[in-house]
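**Q** Quick one, fold the following:
(one chain, ligands or ions: 1)
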Amino acid sequence: MYIICWRRKKTLFVIFFLPRPKQRKRKTQGCAGSLNLNWNNLRGMDNEKKRSASFSKGLLQSGELYQYVLETNVYPREPELLKELRDMTATHPRAIMATAPDAGQLIAMLLKLTNAKRTIEVGVFTGYSLLLTAFTIPEDGKIVAIDMNREAYEIGLPVIRKAGVENKIEFIESEALPVLDQLLEDIRMKYFKILPGNENGFDFAFIDADKINYWKYHERLMKLVKVGGIVVYDNTLWAGSVAMPEECTPEILREGRERTLEFNKLLAADPLVEISLAPLGDGITIVCTELFIQSLNHFKHVCGGSLFNYCISQGIMKLNKESQRPPFSFKCLVLGFRLLLV
Ligand SMILES: C[S@@+](CC[C@H](N)C(=O)[O-])C[C@H]1O[C@@H](n2cnc3c(N)ncnc32)[C@H](O)[C@@H]1O
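**A** Reported below is the predicted structural model:
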């Protein structure tokens, strides 16, 4: 503050100068460029531009780098009909929803590594990940594909038919939760031999739908997918917004960001699964359901030490010496135990 005073005759003049208050640093400083948020690049673009900006699915530091990965590793190995479906989808106003091809490539590898035969898909859209799965599983494999909207599926259906894999797909137009509950009910009935059929549940699941229900899907899938099976969750980095301060996150991403943060936290704290978050596409989290040893620990935890020790002493839990696998009696026990949890 400055003060100037002077006196004229009998009057004292005083003038105060107040400096302008320093502008407070805005909390949002540093938002810009804190992440290569490709969503921003897409807003306002017309469909044609969105299509060409295929890096929009990637979380890498530059579009060129993502393009390099796609052009050198992914596109050359992508089956022709899958490419056709991808191109058809690119003209859809919601093309951004389709599974990223680089994430798809890893999903195909996981399907092969686990010899997956029976799979679940939640969120079909035009069917990119569905066709990819149908191509990868064996001839007698089955996919239960759930989507509450058949319209987009119809777009991809001619390509699926052309590929000759429609017989592997059971498409169910519905909200996913009631279908998963019904599948659980069916499996329970099959355990008790009320219904004939497959008792082992599913080998693999790919979840790519409403984030709000991811944890509910997870709870059900842990019972539906066999021990050692794999579940892949898409969009677990939610366009990179999980690492942004809330105030920097575009409005359109905020709710999904919240849900994804919650889901990622819960998953990371689940002791019954192995997890890996791969930064492919929009981020995919690979979850391996209870490994055998974890089943044991869980069994011990829930049933109490004495029952656990009794089982050990009776040899029920000893591994088969030749195969190093648990004996049949133990498998029955685990099966019964899992049933109790269903
Ligand atoms: C991201 S897209 C799936 C993309 C697909 N995996 C692909 O490769 O193209 C999400 C889909 O989930 C579906 N969906 C959203 N909420 C759902 C729900 N509660 N139950 C079933 N489907 C749902 C939408 O209709 C949409 O088709």
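
**Q** Adjacent strands (with direction) for the helix or strand containing Phe204?
**A** Assigned by DSSP states H and E, Phe204 falls within strand 202-207. Counting by DSSP bridges, the strands paired with strand 202-207 are strand 118-122 (parallel), strand 225-234 (parallel).

**Q** Let me know the average pLDDT across it.
**A** Taken as a whole, strand 202-207 carries a mean pLDDT of 96.

**Q** In this structure Phe206 contacts Val122, no?
**A** Yes. In terms of C-beta atoms under 8 Å, Phe206 counts as a neighbour of Val122; the distance is 7.4 Å. All C-beta atoms are positioned from the backbone trio N, CA, C, and that covers glycine.

**Q** Figure out which of the strands paired with strand 202-207 is closest to Pro101.
**A** strand 225-234 (12.7 Å; C-beta to C-beta).

**Q** List the buried residues for that closest one?
**A** The neighbour-count check on strand 225-234 (16 or more other C-beta atoms under 10 Å) flags Val225, Lys226, Val227, Gly229, Ile230, Val231, Val232, Tyr233, Asp234 as buried.

**Q** ok, of those residues, which one's closest to the ligand?
**A** Asp234 (6.7 Å; C-beta to the nearest ligand atom).

**Q** That closest one bridge partners, please.
**A** According to DSSP bridges, beta-bridge pairing links Asp234 with Ile284.

**Q** Would you agree it is in contact with Asp208?
**A** Yes. Under the criterion of C-beta under 8 Å, Asp234 makes contact with Asp208 at 3.9 Å.

**Q** can you list residues touching both of these two?
**A** Both Asp234 and Asp208 are contacted by Thr99, Gly123, under the criterion C-beta atoms under 8 Å, 6 or more residues apart in numbering.

**Q** Can you lay out the strands paired with strand 202-207 as JSON lines showing distance to the ligand and mean pLDDT?
**A** Listed next are the strands paired with strand 202-207 as JSON lines, based on distance: least, C-beta to the nearest ligand atom, whole Å; pLDDT from 0 to 100:
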{"stretch": "strand 118-122", "distance to the ligand": "6", "mean pLDDT": "97"}
{"stretch": "strand 225-234", "distance to the ligand": "7", "mean pLDDT": "93"}
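
**Q** Out of those strands, which gets nearest to Arg94?
**A** Nearest of the strands paired with strand 202-207 (C-beta to C-beta): strand 225-234, 14.7 Å.

**Q** The ligand contacts on the stretch 51-200 of the chain?
**A** Within the stretch 51-200 of the chain, the positions near the ligand by C-beta under 6 Å from any ligand atom are 97-99, 123-126, 128-129, 146-149, 152, 175-176.

**Q** Filter these down to the ones in helices?
**A** Those of these mapping onto helices are Tyr128, Ser129, Ala152, Ala176, per DSSP state H.

**Q** Now rank these by neighbours and give me the top one.
**A** Ser129 (26 neighbours; other C-beta atoms under 10 Å).

**Q** can you tell me which residues contact the nearest residue to it once chain neighbours are set aside?
**A** Excluding its sequence neighbours, the residue lying closest to Ser129 (C-beta to C-beta, 6 or more residues apart in numbering) is Thr99, at 4.2 Å. Going by C-beta under 8 Å, 6+ apart, Thr99 touches Ile107, Tyr128, Ser129, Leu132, Asp208, Asp234, Gly281.

**Q** Thr126 versus Val159, what's the distance?
**A** According to C-beta to C-beta, to the nearest Å, Val159 and Thr126 sit 9 Å apart.

**Q** These two: which is more packed in?
**A** Thr126 (26 against 22).

**Q** Double-check that one against Ile155; I have them as touching.
**A** Yes. With contact defined as C-beta under 8 Å, Thr126 reaches Ile155; the gap is 4.7 Å.

**Q** which residues are common contacts for those two?
**A** The contact lists of Thr126 and Ile155 share Met88, Thr89, His92, where a contact means C-beta under 8 Å, 6+ apart.
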